[in-house]
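> coordinates only, sequence not included:
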């Protein structure tokens, strides 16, 4: 079974600071990788995803993530955060197993607070 | 296009009762997955339905069950409720099976068991 580890449970940054949230997964097969965000009072929204191809993927609101297969990592980055980025961020993995259906395995989440 | 909708949004039940939650996927989506979100365990996969068939199931007891109708709408049922079943239950839909497609989440049903 796959598992996902997010390194930081709480992160506090000032506006304009750079952000990197760590995510590592354990699974030997082919995976789809996702970052979801949950803004206060709102439901989970897709930030970005990686299925195949260029390992550097760009998402909404200036976020990007890099898939490093050798490190089983999919870290989320943003060069300059804004107060509106305050939210809970979840890394998720979906094992692609011969076309069968596998649910998303989520990390515990990182609570990001941006101070104005 | 309307997003994933879930009803009811909030629910209070007592131990031993049963509950049914409903999910309507995005139009054209044939797969519906259910997740449980709690502060202690985080987001955990319950099961997935595609074309009215359960495709995969997470590590939850048999008290948790579901079904999907021909219009892709899905229901989740929890019987003999326990205090630990208090959680936010999320539904997600995708065009194809979740192993191949992006899932889009609904707002959730918050269940409180007293």
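Looks like it arrived, so ask away. In this text, all values refer to a predicted model and were calculated from it rather than measured experimentally.

> Only C-alpha atoms from now on, for both contacts and neighbour counts.
OK.

> Where does the prediction get shaky in chain B?
In the predicted model, chain B carries pLDDT under 70 at residues B:1.

> Excluding chain neighbours, give the residue nearest to the residue minimising distance to the centre of it in space.
Central residue of chain B (Cα atoms, centre = their mean): residue B:34, 3.1 Å from the mean position. Nearest non-adjacent residue to residue B:34, counting by Cα to Cα, 6 or more residues apart in numbering or on different chains: residue B:91, 4.6 Å away.

> what's the distance between the one you found and chain A?
10 Å (Cα to the nearest Cα, to the nearest Å).

> residues in contact with that residue?
Going by Cα atoms under 8 Å, 6 or more residues apart in numbering or on different chains, residue B:91 touches B:4, B:6, B:23, B:32, B:33, B:34, B:35, B:105, B:106, B:107, B:108.

> Verify the assumption that residue A:84 is located in a helix.
Yes - according to DSSP: H, G, I helix; E, B strand; the rest coil, residue A:84 belongs to a helix.

> For the residue nearest to the centre of chain B, give the beta-bridge partners.
For residue B:34, the beta-bridge partners under DSSP bridges are residue B:47, residue B:91.

> what's near enough to touch it?
B:45, B:46, B:47, B:48, B:76, B:89, B:90, B:91, B:92.

> of those residues, buried ones?
The neighbour-count test (16 or more other Cα atoms under 10 Å in any protein chain shown) marks B:45, B:46, B:47, B:48, B:76, B:89, B:90, B:91, B:92 as buried among these.

> just the residues you listed now: which is nearest residue B:55?
Checking these against residue B:55 with Cα to Cα, the nearest one is residue B:48 at 5.6 Å.

> quick one: the closest one and chain A, what's the gap?
From residue B:48 to chain A the distance is 7 Å (Cα to the nearest Cα).

> Hmm, residue B:54 and that residue touching each other?
Yes - using Cα atoms under 8 Å, residue B:48 is in contact with residue B:54, at 5.7 Å.

> Pairing partners for the closest residue to residue A:51 other than its chain neighbours in the sheet, please.
Leaving aside its chain neighbours, residue A:51 sits nearest to residue A:32 (4.8 Å; criterion: Cα to Cα, 6+ apart). In this entry, residue A:32 is beta-bridged to residue A:94, by DSSP bridges.

> how about residue A:32, what does it touch?
Per Cα under 8 Å, 6+ apart, neighbours of residue A:32: A:49, A:50, A:51, A:52, A:93, A:94, A:95, A:96, B:99, B:100.

> residues contacting residue B:76?
B:20, B:21, B:22, B:34, B:64, B:65, B:66, B:67.

> Doesn't it belong to a helix?
No - per three-state DSSP, residue B:76 lies outside any helix segment and is strand.

> Where does the residue nearest to it when sequence neighbours are not counted sit: helix, strand or coil?
In space, and not counting its chain neighbours, residue B:76 is closest to residue B:66: 4.2 Å by Cα to Cα, 6+ apart. Per three-state DSSP, the secondary structure class of residue B:66 is strand.

> What does the pLDDT read for the residue positioned nearest the centre of chain A?
What sits nearest the mean C-alpha location of chain A, by Cα atoms, centre = their mean, is residue A:35, with 3.1 Å. Reading off the confidence values, residue A:35 has pLDDT 97.
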